[in-house]
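**Student:** Compute the structure for the input listed below.
(one chain, ligands or ions: 1)
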Amino acid sequence: MARVLLLGSTGFFGRAVTHKILDAGHQLRVLVRDPMKAAAYKVRGAQVMTGDALNPAAVNQACQGVEHVVSLVAVRRNKPQSMFEVNADGPRVLGQVAKAAGAKSVVLVSAIGARLDQKYKYLTSRWMGEQELAKSGIPGTVLRFSLVLAEDGGILDFFQRTSAFGPFVIIPGDGKTQMQPILREDAARCVVEAIGKADLLGKIVELGGPEVVTSETIYDWFLKARGIKKPKLHVPAQLLTPGAAFMELVQVDPIATPDEIASTQLPNIADGLDSVTAHFGWRPSAPSTWVSEHWKKRIK
Ligand SMILES: NC(=O)c1ccc[n+]([C@@H]2O[C@H](COP(=O)([O-])OP(=O)(O)OC[C@H]3O[C@@H](n4cnc5c(N)ncnc54)[C@H](OP(=O)(O)O)[C@@H]3O)[C@@H](O)[C@H]2O)c1
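**Tutor:** Numbering: from 1, shown residues only. Modelled structure (predicted):
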């Protein structure tokens, strides 16, 4: 069992990773901005330290004495911190500090589609973060995931907001973007099994579930599970962009930003349908059969 530091433990995906690391018997330390969010982890025996993942002194203190570091820290939007600071500078700080502190490896969770392309600011910031981690010289593994699904949070929040808004359910574009969703439990298992896995060091691994479906199919799963019968309206992404740009200016938490709308049109699929099996030796569950039972009711 290893001494592990986890950053990003309080988010949608990080919560599941935290519990899986503890279930696996590792000695866990988390660095969080709000210790109240980590109260349940402390009860389970994790050491909770308070600090921002962009603060080198806080990260340095958190890295002392740990063997492996896992980071799920990322933001999709520029408020209150900039995407480039969090997603690109964050991994640089982490890589440099973890290396100096003597950690053996870092697992960085990223997203499929990460690329250097100014049309996609979030995806560019993720690509930069991956590069910054590699440049720091610490042995590292990047796990890029497709869409992660769970009983609460993530894309469900988006579906709940958009399906409650107006007389139609608006589908950006033609709804045919290919996705390879993976259940959060399975995605978290991959992250935990990647810790200290020598054959993954130096690699960027793209992971998804056992099915490729369209973005509209995933929305249909949600509408069916909740019994929502509103008509669907396909709106070209270019037509949604001006409204989204305005909302981004005037709202604290708009439904979608222009950058997010643009990236919904990009395929979000892994290195093959058996990507998890190829790297970890087990088969993830099929979301298509899972959602009908688990998306029926809203979980607060
Ligand atoms: N959700 C998906 O479908 C999906 C798909 C593919 C990949 N991923 C990847 O999974 C990772 C986590 O995503 P998520 O959906 O769980 O996002 P999330 O719910 O927004 O969680 C982000 C986490 O990062 C932390 N964080 C952000 N800025 C920070 C800072 N400056 N200092 C310290 N902590 C900071 C947040 O802490 P606070 O609680 O303090 O805000 C939170 O714990 C990301 O790398 C994302 O790309 C997610």
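
**Student:** how near is residue 137 to residue 278?
**Tutor:** Between residue 137 and residue 278 the distance is 27 Å, computed by Cβ to Cβ, to the nearest Å. Just so you know, the C-beta spots here come from the backbone N, C-alpha and C atoms, and that holds for glycine as well.

**Student:** A strand includes residue 29, no?
**Tutor:** Yes. With DSSP: H, G, I helix; E, B strand; the rest coil as the criterion, residue 29 is part of a strand.

**Student:** Have a look at residue 137 and residue 278 and say which one is more surrounded.
**Tutor:** For residue 137 against residue 278, the residue with the higher neighbour count under other Cβ atoms under 10 Å is residue 278, and the figures read 13 against 10.

**Student:** Next, the buried residues of the longest helix seen in the chain.
**Tutor:** For the chain, the helix that runs over the most residues, judged by DSSP state H, is helix 121-136. Within helix 121-136, the residues that count as buried by 16 or more other Cβ atoms under 10 Å are 121-134, 136.

**Student:** Relative to residue 299, which of those residues is nearest.
**Tutor:** Within the buried residues of helix 121-136, distances to residue 299 taken as Cβ to Cβ reach their minimum at residue 122, with 26.4 Å.

**Student:** Isn't that closest one up against residue 84?
**Tutor:** No. With contacts defined as Cβ atoms under 8 Å, residue 122 does not count as touching residue 84, sitting 9.8 Å away.

**Student:** What residues does residue 282 make contact with?
**Tutor:** Taking Cβ atoms under 8 Å, 6 or more residues apart in numbering as the definition of contact, the neighbours of residue 282 are 189, 276.

**Student:** Please read off the pLDDT at it from the model.
**Tutor:** Per-residue confidence at residue 282 stands at 98 (pLDDT).

**Student:** Distance check, it against residue 157.
**Tutor:** Distance of residue 282 to residue 157, given as Cβ to Cβ: 29 Å.

**Student:** can you give me the helices for the protein?
**Tutor:** Using DSSP H, the helices of the chain run over 14-23, 39-43, 56-63, 83, 90-100, 121-136, 155-163, 184-194, 215-226, 237-250, 258-263, 275-280, 287-294.

**Student:** any chance of those helices in a markdown table, plus distance to residue 8?
**Tutor:** Shown next, in a markdown table, are the helices of the chain (distance: least, Cβ to Cβ, whole Å):
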| stretch | distance to residue 8 |
| --- | --- |
| helix 14-23 | 4 |
| helix 39-43 | 13 |
| helix 56-63 | 12 |
| helix 83 | 15 |
| helix 90-100 | 9 |
| helix 121-136 | 12 |
| helix 155-163 | 17 |
| helix 184-194 | 10 |
| helix 215-226 | 24 |
| helix 237-250 | 24 |
| helix 258-263 | 19 |
| helix 275-280 | 21 |
| helix 287-294 | 23 |
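
**Student:** which stretch among these comes nearest residue 107?
**Tutor:** For the helices of the chain, proximity to residue 107 was assessed by Cβ to Cβ; helix 184-194 is nearest, at 5.0 Å.

**Student:** In terms of secondary structure, what does the closest one contact?
**Tutor:** helix 14-23, strand 105-111, strand 140-145, strand 148-149, strand 204-207, helix 275-280 (3 or more Cβ pairs under 8 Å, 6 or more residues apart in numbering; DSSP states H and E).

**Student:** repeat that with 6 Å
**Tutor:** For helix 184-194, the helices and strands in contact under the criterion 3 or more Cβ pairs under 6 Å, 6 or more residues apart in numbering; DSSP states H and E are helix 14-23, strand 140-145.

**Student:** Let me have the ones you listed in TSV, adding distance to the ligand as columns.
**Tutor:** Output for the helices and strands packed on helix 184-194, formatted as TSV (distance: least, Cβ to the nearest ligand atom, whole Å):
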stretch	distance to the ligand
helix 14-23	5
strand 140-145	4
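
**Student:** dump the residue contacts of residue 30.
**Tutor:** With contacts defined as Cβ atoms under 6 Å, 6 or more residues apart in numbering, residue 30 is in contact with 6, 9, 38, 41, 46, 48.

**Student:** of these, closest to the ligand?
**Tutor:** The ligand lies nearest to residue 9 out of those, by Cβ to the nearest ligand atom, at 6.0 Å.

**Student:** Up against the ligand, what does the stretch 51-200 of the chain have?
**Tutor:** Where proximity means Cβ under 6 Å from any ligand atom, the interface of the stretch 51-200 of the chain facing the ligand comprises 52-54, 72-75, 81, 86, 109-111, 145, 147-148, 154.

**Student:** Just the buried residues of those residues.
**Tutor:** Members of these that pass the buried threshold by neighbour count (16+ other Cβ under 10 Å) are listed as 52-54, 72-75, 81, 86, 109-111, 145, 147-148, 154.
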